[in-house]
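Chemist: fold the following for me, if possible:
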Amino acid sequence: MNFNGVGGGTVMYTAHFPRLHPSDFRVKSLDGVAEDWPVDYDTLAPFFEENDRMMGVSGLAGDPGVPSRNPPMPPLPLGRSGTLLGKAMNRLGWHWWPSDTTVATIDYQGRARCINLGHCTPGCAQGAKASTDITYWPAAQRAGVELRTHCRVREITTDEHGMAAGVVYYDAAGKEQFQAAHVVIVACNGVGTPRLLLNSASGRFPDGLANSSGLVGKNLMFHPYAQVYGYVAEPTDSNRAPPTCLWSKEFYETDRSRGFVRGYTFQFGRGVGPIMEAVMSEAKGILPWGTEHHAAFRRLNGHRLGLSAICEDLPEEHNRVTLDLVLKDSDGIPAPRIDYTIGDNTARMMEHGIARAKEILAAAEATDICVNSPILHGGWHLLGTARMGSDPERSVVNEWGRAHDVKNLFIVDGSLFVTSGGVNPTSTIQALALYVADQIKQRLANLFD
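Modeler: The predicted structure follows:
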């Protein structure tokens, strides 16, 4: 699930675009677990708004389950799948709302509206989905930023004063190069960032750059998913884009009677295309070979309703990224080694989500209920391995993204996260990046003090 490309993870995401909730920044104060963030939701609110404009968010204002926001584009249509799911939620009396998404529903800043070409994850052939290669990067290049592709950074170097001096990298031809810098900003996310910092060890920083706390690479958080789906008699939207159409915050905030703290978001899907349906249904044993095959496939294909519980993952130091002692990439840079186990709290949360999802599908009169938990290859949200904090002994960077140990080194990616929340992180990662950039700009006169 890892790749290198201009636009990063937004090239491959489904364009689902929730924000962290205010409570996510105060889990220690509210629930006695993990740590509080050194910033709060209100601090990031203007940067969420700016990012919504830059990415082009479609959604519907007025959702009682999330803080007030004003998406610049109208929401995606509910479609057949969304209507069936919304009616099922109404029967249960549970919260639901059209999802915020970065798929254009009207012509927006050079992007044509979505014409439903298919699943959004492999990249949008039309360009209706906002990936940063078509939103932020053109603006950055017009402002004078030079983009060097097919380059791989090996390490960040430091000078005799302990300041970052620049980076050593391999260019497209595999030749070693050095780029000097007054400021180094890292945006390699929750695996790439600790890998780079750990590989930048030196005499002054023997345990890795910016790692006096010993926390670089530790507290890795994913978002374990519990996926449940079934089949209804009515036709659904199947492979129409985008795949996620609704969300529910019914079980987001802590209710200790459930047996766990924190919570999860339900993401509702429109369905899948015929190839995915055939492969998954055969694997689940509900699509037989032989004389019944075609009739069974006609009953399944284009009739799926599904949802996933995206579960909060609490930080635990034994979940970590280190450098592999043997494996290296083609340039000889040590590969990242990942050690990870789903925590007990999250496991109980997933079981709760599965049970509630089955209730929702029952309310939609679905049959042939299938469960994937945790979903295969479900580790694409990479968070927490260089977290923010005001205490240098308990964090890697300060409350505005500067490394405690290296005064001209900044981090702006998902590794900053103190806790994971129960939502996809892209919107919050981008808001944090804008916030850190704004802090750098405001503090230019004494940035390295």
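
Chemist: just the CA trace of stretch 88-99, in PDB.
Modeler: Taking C-alpha atoms only, stretch 88-99 is exported to PDB below (Å, rounded to 0.1, in the frame of the first residue of the first chain):
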ATOM      1  CA  ALA A  88     -32.200   2.000   7.200                       C
ATOM      2  CA  MET A  89     -30.500   4.500   9.600                       C
ATOM      3  CA  ASN A  90     -33.800   6.400  10.000                       C
ATOM      4  CA  ARG A  91     -35.500   3.100  11.000                       C
ATOM      5  CA  LEU A  92     -32.900   2.700  13.800                       C
ATOM      6  CA  GLY A  93     -33.000   6.400  14.700                       C
ATOM      7  CA  TRP A  94     -29.200   6.700  14.300                       C
ATOM      8  CA  HIS A  95     -27.300   9.700  13.000                       C
ATOM      9  CA  TRP A  96     -26.200   9.800   9.300                       C
ATOM     10  CA  TRP A  97     -25.300  12.600   6.900                       C
ATOM     11  CA  PRO A  98     -23.900  12.900   3.300                       C
ATOM     12  CA  SER A  99     -20.100  12.600   3.400                       C
END
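
Chemist: so what touches that stretch?
Modeler: With Cβ atoms under 8 Å, 6 or more residues apart in numbering as the test, stretch 88-99 has contacts from 16-18, 59-60, 63-66, 75-76, 78, 82, 85-86, 244-250, 266-268, 359-361, 363-364. (Each C-beta comes from the backbone N, C-alpha and C, glycine too.)

Chemist: just the buried members of the residues you listed?
Modeler: For the contacts of stretch 88-99, a burial check counting by 16 or more other Cβ atoms under 10 Å picks out 16-18, 59, 63, 65-66, 75-76, 78, 82, 85-86, 244-250, 266-268, 360-361, 363-364.

Chemist: do you know the pLDDT at the nearest residue to residue 337 once chain neighbours are set aside?
Modeler: In space, and not counting its chain neighbours, residue 337 is closest to residue 324: 4.3 Å by Cβ to Cβ, 6 or more residues apart in numbering. Here, the pLDDT recorded for residue 324 equals 98.

Chemist: all helices of this protein, in order?
Modeler: Taking DSSP state H as the test, the helices found in the chain are 27-31, 41-55, 79-92, 136-142, 189-198, 274-284, 293-300, 344-363, 426-442.

Chemist: any chance of these in a markdown table with mean pLDDT as columns?
Modeler: Conversion of those to a markdown table gives the following (pLDDT from 0 to 100):
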| stretch | mean pLDDT |
| --- | --- |
| helix 27-31 | 98 |
| helix 41-55 | 98 |
| helix 79-92 | 96 |
| helix 136-142 | 97 |
| helix 189-198 | 97 |
| helix 274-284 | 94 |
| helix 293-300 | 97 |
| helix 344-363 | 97 |
| helix 426-442 | 98 |
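
Chemist: closest to residue 393 out of these?
Modeler: Closest to residue 393 of the helices of the chain is helix 27-31 (Cβ to Cβ; 15.9 Å).

Chemist: which strands or helices does that closest one pack on?
Modeler: The criterion is 3 or more Cβ pairs under 8 Å, 6 or more residues apart in numbering; DSSP states H and E, and there are no helices or strands that helix 27-31 contacts.

Chemist: now it: buried residues?
Modeler: Residues of helix 27-31 classed as buried: 27, 30-31 (neighbour count, 16+ other Cβ under 10 Å).

Chemist: so where's the protein shaky on pLDDT?
Modeler: Scanning the chain for pLDDT under 70 picks out 1-2.

Chemist: residue 57 is in contact with residue 103, isn't it?
Modeler: No - applying Cβ atoms under 8 Å as the test, residue 57 and residue 103 come out as separate, 9.2 Å apart.

Chemist: and the residue lying closest to residue 435 once chain neighbours are set aside, how far from residue 430?
Modeler: With Cβ to Cβ, 6+ apart as the criterion, residue 435 has its nearest non-adjacent residue at 4.8 Å, and that residue is residue 47. Using Cβ to Cβ, to the nearest Å, one gets 8 Å for the distance from residue 47 to residue 430.

Chemist: for residue 186, same thing?
Modeler: Taken as Cβ to Cβ, the span from residue 186 to residue 430 is 15 Å.

Chemist: neighbour count winner among the two?
Modeler: residue 186 (27 against 24; other Cβ atoms under 10 Å).

Chemist: how about that one, what does it touch?
Modeler: Going by Cβ under 8 Å, 6+ apart, the list of residues near residue 186 reads 156, 193, 196-197, 409-413.
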